[in-house]
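Q: sequence first, predicted model second:
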Amino acid sequence: MIIKQRVIITTKSDRSFRGILWKLGWRLLVLKQVELLRPGGEAVQMDGETVIFRADVDFIQVLK
């Protein structure tokens, strides 16, 4: 399912990603235009698409 919603995803390993939730699958989330959010507010741009396993997601924050 294609979503196209801006989100912040925090994983169980305490990594956070901000980007566009592009696809939502049974096992995977696909993000585009992704930034890795580091402690202290620093955002590191990531190339390409990022795939996150749903089992690794702690929570998802939907942004407006």
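A: In hand now; what should we look at?
Q: going forward, measure contacts and count neighbours with C-alpha atoms only.
A: Will do.
Q: assess the claim that I8 and G19 are in contact.
A: Yes: shown here, I8 and G19 form a contact pair, counting by Cα atoms under 8 Å, at 6.6 Å.
Q: count of residues packed around the closest residue to E35 other than its chain neighbours?
A: The shortest distance from E35 to any non-neighbouring residue, by Cα to Cα, 6 or more residues apart in numbering, is to Q45 (4.5 Å). Close neighbours of Q45, defined as other Cα atoms under 10 Å, add up to 14.
Q: likewise L31?
A: Burial of L31 is recorded as 27 neighbouring residues (other Cα under 10 Å).
Q: three-state assignment of it?
A: For L31, the secondary structure call by DSSP: H, G, I helix; E, B strand; the rest coil comes out as strand.
Q: name the element the nearest residue to it once chain neighbours are set aside belongs to?
A: Nearest non-adjacent residue to L31, counting by Cα to Cα, 6+ apart: L21, 4.7 Å away. Per DSSP states H and E, L21 falls inside strand 16-24.
Q: partner strands of that strand, with direction?
A: Using DSSP bridges, the neighbouring strands of strand 16-24 in the sheet come out as strand 2-11 (antiparallel), strand 28-37 (antiparallel).
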